[in-house]
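# How does the following fold in three dimensions:
(one chain, ligands or ions: 1)
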Amino acid sequence: MSDPNPFESLQEQIDDAAAYLDIDEDVLTRLKHPERVLEVNLTVELDDGSLRRFKGFRSQFNGDRGPYKGGIRYHPDVSRDEVKALSGWMAYKCGIVGIPFGGGKGGIVVDPDDYSDSEIERLTRAFATELRPLVGPDRDIPAPDVNTGQREMNWFKDTYETLERTTAPGVITGKAISSGGSAGRVEATGRSTMLAAREAFEYLDRDVSDATVAVQGYGNAGSIAARLIEDLGATVVAVSDSSGGIYDSDGLDARAVKSFKNETGTVTGYDDAEELTNDELLALDVDLLVPAALENAIDGDLAEDVSADVIVEAANGPLTPRADDVLTERDVHVVPDILANAGGVTVSYFEWVQNRQRFSWTEARVNDELEAVITDAFDDLVAAYETNDLPNFRTAAYVVATRRVVDSYLEGGNWP
Ligand code: NAD
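Okay, the predicted model is just below:
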């Protein structure tokens with residue numbers, strides 16, 4: 001069976017929440033579709049002088065609560081529907097954590113491993129040039145996502161500023177500190193994943209420091225979540241990346257595994273750890289499972305094999321709707337992506353605020369403010385979950401977020 005379309009998964013999640021909210025059908029329909037999607041064809045000169053065409057997208061989902069905000073992904077599987085889904089998840093993510101942004105997302109269909117650094121730079125500058133009419137510090141503010149980071153954000157900002165003949169660091173977030181980035185931004189997604197895990201264990205009256213943990217995906221989000229959850233005293237027994245997984249029942253050393261991956265490019269081959277497949281990792285008998293790779297990692301069948309009691313979604317959309325149904329039925333608590341990985345967009349918001357203030361916050365301030373945002377959002381989720389007797393945490397998060405998006409739309413009114 002083919003993977004569910006992530007855009008249809010998003011729409012199903014909104015419908016699930018809307019069942020508990022009093023929203024007119026026509027308003028709901030509006031909240032299930034992006035306001036606009038731009039498709040671009042980028043022509044880039046390769047190092048050998050030949051030209052290559054790349055397809056890219058930017059989806060602006062909802063601007064009722066503020067400028068569109070969301071990352072840029074470089075991956076061969078990027079598609080119009082994936083970008084639309086990711087932009088919608090961003091809108092509801094900003095809603096649950098209460099930051100004044102709408103949702104956006106962009107992507108280019110490319111495997112960056114196939115291209116040199118200078119080719120990726122030209123590709124990024126071509127994308128920034130095409131997006132220029134749509135983006136801006138008060139319009140749409142991109143950020144990093146899979147296979148993009150500070151380097152691409154710096155090039156994007158430089159291209160925009162050069163074309164606009166201005167300085168506008170707030171046009172993009174996730175920049176290097178010396179280019180107007182924020183302390184704590186690189187760690188932010190992993191940090192909110194850790195905070196969400198900590199809050200969930202506390203809510204369930206469980207001690208996170210006794211927990212065993214498996215992490216699927218060992219990039220920015222997964223490796224930092226693993227390290228920070230390990231710092232809470234938990235034991236990370238398994239991690240994986242696209243090369244496969246590694247397991248040690250006595251616990252891996254999250255930092256050492258990251259250094260190994262930085263040197264060799266993969267987690268497999270690390271020390272004396274046992275090797276396992278990604279599907280075996282997802283079914284491991286652990287207390288906490290953190291999917292931190294891509295969408296649809298756990299489908300309905302795999303959900304039957306999941307042995308973890310708690311799942312905290314660092315990735316966007318790692319569970320199919322069918323997996324959600326199975327896990328709800330099996331009483332597995334899932335802290336949804338729109339809250340668990342919201343650290344990225346929250347510290348992006350802090351970066352944007354600092355860019356506007358032309359004043360830099362300390363890392364301690366960033367981390368403290370982030371902790372307050374995530375714990376408040378978790379409290380809002382729990383209040384909705386208990387008050388409305390909701391089936392799971394995801395529906396609770398969407399109930400809170402959808403209410404906020406709907407309210408700002410209705411307050412503004414429809415025009416023209
Ligand atoms: P990344 O490129 O840094 O890391 C992705 C990791 O996933 C890599 O280790 C890769 O090898 C691994 N991977 C890819 N396919 C896999 C597979 N089939 N099985 C196992 N591992 C696989 O990307 P990232 O920034 O860490 O993003 C990961 C997820 O987190 C994405 O869903 C992204 O949308 C989400 N996210 C990231 C941020 C952020 O600030 N970076 C913010 C919010 C959400």
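# isn't Gly66 right next to Gly98, touching?
No. Counting by C-beta atoms under 8 Å, Gly98 is not a contact partner of Gly66; they are 11.1 Å apart. (Each C-beta comes from the backbone N, C-alpha and C, glycine too.)
# Now do the strands in this structure.
Shown for the chain, the strands assigned by DSSP state E span residues 36-45, 51-62, 68-75, 102-109, 140-144, 212-216, 235-241, 244-247, 274-276, 288-291, 310-312, 333-335.
# show me what contacts the closest residue to the ligand within the stretch 101-250 of the chain?
Going by C-beta to the nearest ligand atom, the ligand is nearest to Gly219 of the stretch 101-250 of the chain, at 1.7 Å. With contact taken as C-beta atoms under 8 Å, 6 or more residues apart in numbering, Gly219 is in contact with 146, 241, 292-293.
# again with Leu46
With contact taken as C-beta under 8 Å, 6+ apart, Leu46 is in contact with 52, 115, 119.
# who wins for most neighbours among the contacts of Gly219?
Neighbour counts for these, by other C-beta atoms under 10 Å, peak at Ala292, which reaches 30 neighbours.
# I figured that residue hits Val213, correct?
No. Contact criterion C-beta under 8 Å: Ala292 and Val213 do not qualify, at 11.3 Å.
# Tell me the buried residues within the contacts of Leu46.
Of the members of the contacts of Leu46, the ones counted as buried by neighbours, 16 or more other C-beta atoms under 10 Å, are 115, 119.
# Closest to Asp299 out of the contacts of Leu46?
Within these, the smallest distance to Asp299 is 31.6 Å, found for Tyr115 (C-beta to C-beta).
# re the thing from before, now render the strands of the chain as JSON lines, adding mean pLDDT and distance to Leu381.
Rendered in JSON lines, the data for the strands of the chain read as follows (pLDDT from 0 to 100; distance: least, C-beta to C-beta, whole Å):
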{"stretch": "strand 36-45", "mean pLDDT": "98", "distance to Leu381": "29"}
{"stretch": "strand 51-62", "mean pLDDT": "98", "distance to Leu381": "20"}
{"stretch": "strand 68-75", "mean pLDDT": "98", "distance to Leu381": "21"}
{"stretch": "strand 102-109", "mean pLDDT": "98", "distance to Leu381": "18"}
{"stretch": "strand 140-144", "mean pLDDT": "97", "distance to Leu381": "23"}
{"stretch": "strand 212-216", "mean pLDDT": "98", "distance to Leu381": "21"}
{"stretch": "strand 235-241", "mean pLDDT": "98", "distance to Leu381": "25"}
{"stretch": "strand 244-247", "mean pLDDT": "98", "distance to Leu381": "30"}
{"stretch": "strand 274-276", "mean pLDDT": "97", "distance to Leu381": "32"}
{"stretch": "strand 288-291", "mean pLDDT": "98", "distance to Leu381": "18"}
{"stretch": "strand 310-312", "mean pLDDT": "98", "distance to Leu381": "13"}
{"stretch": "strand 333-335", "mean pLDDT": "98", "distance to Leu381": "8"}
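# Please convert those to JSON lines, extending it with distance to Asp407.
Listed next are the strands of the chain as JSON lines, based on distance: least, C-beta to C-beta, whole Å:
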{"stretch": "strand 36-45", "distance to Asp407": "22"}
{"stretch": "strand 51-62", "distance to Asp407": "13"}
{"stretch": "strand 68-75", "distance to Asp407": "18"}
{"stretch": "strand 102-109", "distance to Asp407": "14"}
{"stretch": "strand 140-144", "distance to Asp407": "22"}
{"stretch": "strand 212-216", "distance to Asp407": "36"}
{"stretch": "strand 235-241", "distance to Asp407": "40"}
{"stretch": "strand 244-247", "distance to Asp407": "43"}
{"stretch": "strand 274-276", "distance to Asp407": "46"}
{"stretch": "strand 288-291", "distance to Asp407": "31"}
{"stretch": "strand 310-312", "distance to Asp407": "28"}
{"stretch": "strand 333-335", "distance to Asp407": "24"}
